[in-house]
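A.B. asks: turn this into a model:
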Amino acid sequence: MVMVQSLATDVLESVKMVPFVIKLLPVLTVLATIHLPPKSVLLRSFNINVTGTFFKMQLDRTFIKSMFVAACISTTYSFKEFNYRKTGSGAPAVLDDPQHLQVQEVFGPTTCAILCSRLSCKEFQYSDTSHLCITRHSDAVSGNSVNPGSGFFDTFIDNKEDPKTCSEIKKENPAAHSGEYTIVPSAPQFRGMSVKVFCLMNDTHQLEYVTLPNENVGSYPKRSNGGCGHEVLYLPAAAVGKDGVTVYQKIRIIPSTMTVVRDDTTFTTGTKAEPHPFGRAEDCYSYKGNCKRIGTFHIDTQGTGMKFARGLRWTGDGYASKVDSVTRTHDGAVIDLVCGGWCAGCVPMEDMVLYPNSQDIQS
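C.D. replies: Below is the predicted model:
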């Protein structure tokens with residue numbers, strides 16, 4: 001009885017899936033013609049009484065058996081059609097980045113493959129024992145936890161290659177112009193997740209940039225207090241013309257690592273003659289170690305779906321340089337730096353690498 005109910009449920013689900021039904025009907029026809037006695041009736045009664053959203057289905061044992069065999073044949077055929085490749089097996093399921101996972105109970109791996117192919121999904125896991133299907137999506141689709149229980153899961157990935165760089169997009173479509181596109185960076189921390197980037201398309205090269213919805217700005221104040229005794233509203237001779245602000249609209253990234261190219265100032269505006277490298281705060285305020293520093297840089301990656309590592313650190317760079325403060329808010333998506341020295345500042349101690357931010361959605 002449990003088997004009948006499970007099969008009936010999957011039949012209803014399959015009716016909604018046109019590719020599956022198209023494949024299933026010819027197989028059923030062949031089975032009815034070849035495998036069954038001439039006078040037998042494959043389907044004694046298939047009555048559908050519609051009352052609101054309720055369906056009553058009466059299936060005989062012959063139909064159930066035929067449907068089961070047909071589903072098995074369809075499973076093998078569908079995997080070729082949907083072009084999924086098995087990459088491994090194991091227990092328990094792989095649950096990294098759970099906000100990108102969705103767990104459903106299905107009839108078999110074909111149904112799981114169909115669900116994956118209809119959604120923003122490039123990878124799924126299926127368990128023969130529990131009939132659970134875990135689809136991994138490019139976008140966040142759930143909360144921060146899923147519980148598929150224990151069991152042995154096979155992992156399948158879509159053989160179709162998504163563009164990993166803007167160069168691949170240009171190669172596929174030579175007429176592609178500069179603009180916003182979606183890529184799947186090969187950086188390991190993204191595990192097949194899609195990222196929206198701005199592709200700067202030229203005939204000779206194509207570069208990737210992340211558009212920053214919020215203000216990212218560095219400020220080099222026109223103030224100084226060399227001996228930390230009296231502040232003046234001008235700079236020492238060595239710093240004249242270095243003051244001003246730099247506002248970043250986009251930052252360039254390397255898709256293979258998602259590292260920011262800090263000295264690319266293509267998409268910046270501001271009043272500073274020599275723009276700040278991204279993530280550098282600087283001033284020419286004081287040479288005294290006990291005096292405050294007033295150079296600032298404000299980083300805000302909210303709306304990009306990404307953030308920098310929580311462990312990213314800054315260090316002084318230049319004469320009498322000092323890191324006054326590094327303040328993180330919004331789960332690390334916003335970082336405020338206060339640094340400076342005597343015409344000096346602070347820089348990141350490591351590469352500025354972007355990671356998925358499960359608390360944020362791309363704008």
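
A.B. asks: return the set of residues that bridge with Leu200.
C.D. replies: Each beta-bridge partner of Leu200 is listed here: Leu207, as defined by DSSP bridges.

A.B. asks: go ahead and confirm it touches Val210.
C.D. replies: No - contact criterion C-beta atoms under 8 Å: Leu200 and Val210 do not qualify, at 11.9 Å. To be clear about C-beta, it is placed using only N, CA and C from the backbone, and glycine gets the same treatment.

A.B. asks: what about the two, which has more around it?
C.D. replies: For Leu200 versus Val210, the count of surrounding residues by other C-beta atoms under 10 Å is larger for Val210: 21 against 17.

A.B. asks: A helix includes the more buried one, no?
C.D. replies: No - looking at Val210 with DSSP: H, G, I helix; E, B strand; the rest coil, it is strand, so not inside a helix.

A.B. asks: could I have the CA atoms of stretch 237-251 written out in CSV?
C.D. replies: Only the C-alpha atoms of stretch 237-251 are listed here, as CSV (Å, rounded to 0.1, in the frame of the first residue of the first chain):
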residue,chain,number,x,y,z
ALA,A,237,55.2,70.6,2.1
ALA,A,238,55.8,66.9,1.4
ALA,A,239,52.1,66.2,1.4
VAL,A,240,50.7,69.2,-0.6
GLY,A,241,48.3,68.0,-3.2
LYS,A,242,47.9,64.5,-1.7
ASP,A,243,44.7,65.3,0.2
GLY,A,244,41.2,64.5,-1.2
VAL,A,245,38.7,61.6,-1.4
THR,A,246,38.4,58.6,-3.7
VAL,A,247,35.0,56.9,-4.3
TYR,A,248,34.9,53.4,-5.8
GLN,A,249,31.9,52.4,-7.9
LYS,A,250,33.4,49.1,-8.9
ILE,A,251,36.3,46.9,-7.8
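
A.B. asks: going by neighbour count, list what's buried in it.
C.D. replies: For stretch 237-251, the neighbour count (16 or more other C-beta atoms under 10 Å) marks 239, 242-248, 250-251 as buried.

A.B. asks: ok, of these, which one's closest to Ile169?
C.D. replies: Comparing the buried residues of stretch 237-251 against Ile169 with C-beta to C-beta picks out Lys250 as the nearest, at 16.9 Å.

A.B. asks: partner residues bridging that closest one?
C.D. replies: As for beta bridges, Lys250 partners with Thr211 under DSSP bridges.

A.B. asks: now do Ala344
C.D. replies: When bridges are assigned using DSSP bridges, the partners listed for Ala344 are Asp283.

A.B. asks: so how many other residues sit close to it?
C.D. replies: 21.

A.B. asks: quick one, grab the pLDDT at it.
C.D. replies: Confidence at Ala344, expressed as pLDDT, is 97.

A.B. asks: surely Asp243 and Leu233 touch.
C.D. replies: No - Asp243 is not in contact with Leu233 according to C-beta under 8 Å; the separation is 10.6 Å.

A.B. asks: okay, and the common contacts of those two?
C.D. replies: Listed contacts common to Asp243 and Leu233 are Lys222; contacts here mean C-beta atoms under 8 Å, 6 or more residues apart in numbering.

A.B. asks: tell me the pLDDT of the nearest residue to Leu101 once chain neighbours are set aside.
C.D. replies: In space, and not counting its chain neighbours, Leu101 is closest to Val146: 5.0 Å by C-beta to C-beta, 6 or more residues apart in numbering. For Val146, the model assigns a pLDDT of 74.

A.B. asks: you'd agree Val146 is up against His100?
C.D. replies: No - here Val146 does not reach His100: they are 9.8 Å apart, not a contact under C-beta under 8 Å.

A.B. asks: settle it for me: which of these two has more neighbours?
C.D. replies: A count of neighbours by other C-beta under 10 Å puts His100 above the other of Val146 and His100, at 23 against 15.

A.B. asks: burial measure for Ser130, as a count.
C.D. replies: Residues within reach of Ser130, counting by other C-beta under 10 Å, total 16.

A.B. asks: ok, and the closest non-adjacent residue to it?
C.D. replies: Closest residue to Ser130 in three dimensions, ignoring its sequence neighbours and counting by C-beta to C-beta, 6+ apart: Gly151, at 4.7 Å.
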